[in-house]
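Peer 1: only geometry, no sequence info:
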């Protein structure tokens, strides 16, 4: 699972940052997370293939997270997309998309479904053979949800030399990958442990933007491999963070530490900061394995 | 009067072009014309002051001309704008702005007025002490209007040495600037021609995007100093231009020639073209004083 950062700024294109958007990829599947204005420009700029995206997850309806959506949907039309697309987001997303489509004369050559998600619930909202996506209730001004990407447990890896050694018939292989032992024609039992290797650990990625520090978030993101948490402000603006229902970098790091995540990515920086050095220092003082989510960079969970 | 090009591309950020937007300035007044996605990024990129914009003119509601509007309006909110702002555009603009504002929780600290314009009428839609803005009915897929910026005739320039020579009292100066002669206390009449110099000729700029070639446009833009006319396609795609209600570069140049404009700017290029050399060649074969509207460049009318 890997995460490509398309934008790491909050409202206003100050200091040249772009608005929030990320592409989450797992093998040949890709998911777009938030879609601030200019997301399609960033996809073009970084030459990121995205026509295979089938699901877009929008955390909330503030402009810096959603004002690139209609442009992207329209561009898919111009490219004569036929693959279906599903949007997940807060109540109101359907009205936004449908009204804009009607007023602006957008006619979709592809199936567009919209799922409005209950921002209060930590629930499974999407499932593929490889992945589950769960909502993460956030605490912001109005309904807002993060997204937890949880890779499914993969089957065990069969050791190729054992297939030859025991002349394992093809129809038995799925069972062995699922953990079964092998019974040979002469009655001997070959244990699964001898036949297979552990699969890679399922990976997890949690996207949390925008939010005040939340104990509920700590519970939900416990132990994830990679946590993206908004860090709009530094300590100096802690009062403003509280008033605007955002987090400081230190608060994001505290969430990461309490949840015991493996790595923390900081983003959604206020335009008042020319760079993110102070955010990083304040976060690393609390949680050393913290990084700035740099635009155009790819992070592996 | 000067025109700054913020974007010169049509739908899809192909080849790195940006979506249509321009800033028209006349002394200390500024007007935004169209507002495709990423307009505020371009304003930031080119360091263009725009907080003093009081009017935004939107030609039509296709996304490549309007999907940057809500982001810009929101950014004005974040900057705590208090100056009023008026939007001019096609029917539906009010629904788009009001629905998006309601769903996305935008609360304006400034007065926002929306004027929906009849796309069939060539009418005066805005007037300042220096300028008139007239609608230009265009022929596109759905209601679409260009905008004719017509500087008002300025008062005559009084020759400073004449003020001293005839000890002209201050209260008489406005009348002299308006064309009156001067009657001296001894009864002599000093002609206005002796006292004043001609003011600069009022300048005109016409913005025409998107449209099929139109004889009505020819009539309305007759003799303008600067004409921006869309030139989405080259001759090779003339059929596609017709089908999509756009113009080729040669058609744009034909409009310019028929209307006897002084200079032609070409824009709204389809993403299929890597550069605009062919557009320019085909236009200049018809109307030599044609140029490409380059992003970031400033053109004087």
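Peer 2: Here it is on my side, so go on. For clarity, every value in this text was computed on a predicted model and none was experimentally measured.
Peer 1: close to chain B: what parts of chain A are there?
Peer 2: A:11-14, A:16, A:18-19, A:37-38, A:40-41, A:44-45, A:61-64, A:66-68, A:70-71, A:74-75, A:78-79, A:92-93, A:95-96, A:99-100, A:103-106, A:141-142 (Cβ under 8 Å from any Cβ of the partner chain). Just so you know, the C-beta spots here come from the backbone N, C-alpha and C atoms, and that holds for glycine as well.
Peer 1: can you flag the buried ones in the residues you listed?
Peer 2: A:11-14, A:18-19, A:37-38, A:40-41, A:44, A:61-64, A:66-68, A:70-71, A:74-75, A:92-93, A:95-96, A:99-100, A:103-104, A:106 (16 or more other Cβ atoms under 10 Å in any protein chain shown).
Peer 1: in helices, which of those residues appear?
Peer 2: The members of those that map onto helices under DSSP state H are A:40-41, A:44, A:63-64, A:66, A:70-71, A:74-75, A:93, A:95-96, A:99-100, A:103-104.
Peer 1: residue A:5 should be in a strand, yeah?
Peer 2: Yes: counting by DSSP: H, G, I helix; E, B strand; the rest coil, residue A:5 is located in a strand.
Peer 1: that one: how many residues sit nearby?
Peer 2: Residues lying near residue A:5 (other Cβ atoms under 10 Å in any protein chain shown) number 23.
Peer 1: hey, what's it bridged with?
Peer 2: Bridge pairing for residue A:5 (DSSP bridges) gives the partners residue A:22.
Peer 1: what's the helix or strand for residue A:173?
Peer 2: Secondary structure from DSSP states H and E places residue A:173 in helix A:173-177.
Peer 1: same deal with residue A:275?
Peer 2: Per DSSP H and E, there is no helix or strand for residue A:275.
Peer 1: average pLDDT for stretch A:42-53?
Peer 2: In this model, stretch A:42-53 has a mean pLDDT of 94.
Peer 1: need the distance between the two termini of stretch A:18-38.
Peer 2: 7 Å (Cα to Cα, to the nearest Å).
Peer 1: by contact count, what packs against the next helix or strand after the helix holding residue A:173?
Peer 2: Per DSSP H and E, helix A:173-177 leads on to strand A:182-183 as the next helix or strand towards the C-terminus. Counting contacts by 3 or more Cβ pairs under 8 Å, 6 or more residues apart in numbering or on different chains; DSSP states H and E, strand A:182-183 is packed against strand A:189-190.
Peer 1: what lines up beside the strand it packs on in the sheet?
Peer 2: By DSSP bridges, strand A:189-190 pairs with strand A:182-183 (antiparallel).
Peer 1: just the helices from chain A, written as ranges.
Peer 2: A:39-45, A:63-66, A:69-78, A:93-104, A:160-165, A:173-177, A:192-195, A:215-220, A:238-243, A:249-259, A:277-284.
Peer 1: show me what the fifth one is in contact with.
Peer 2: In this case it means helix A:160-165. Residues outside helix A:160-165 that contact it (Cβ atoms under 8 Å, 6 or more residues apart in numbering or on different chains) are A:168, A:173, A:190, A:194-195.
Peer 1: in it, which residues are buried?
Peer 2: residue A:163.
Peer 1: mean confidence score for that helix?
Peer 2: 94.
Peer 1: do the third one as well
Peer 2: Model confidence over helix A:69-78, given as mean pLDDT, is 96.
Peer 1: just the pLDDT for the residue of chain A most remote from its centre.
Peer 2: The C-alpha centroid of chain A is most remote from residue A:186, which lies 50.1 Å away (Cα atoms, centre = their mean). We note a pLDDT of 94 for residue A:186 in this prediction.
Peer 1: same question, the one 3 residues further on
Peer 2: Residue-level confidence at residue A:189 comes out at 96, pLDDT.
Peer 1: who does it bridge with?
Peer 2: Going by DSSP bridges, residue A:189 forms beta bridges with residue A:183.
Peer 1: chain B versus that one, what's the distance?
Peer 2: 61 Å (Cβ to the nearest Cβ, to the nearest Å).
Peer 1: what do you get for residue A:237?
Peer 2: 15 Å.
Peer 1: I'd say that residue and residue A:269 touch.
Peer 2: No: assessed by Cβ atoms under 8 Å, residue A:237 is found out of contact with residue A:269, at 11.2 Å.
Peer 1: more neighbours: which of those two?
Peer 2: Using other Cβ under 10 Å as the criterion, residue A:237 and residue A:269 rank with residue A:269 on top: 24 against 17.
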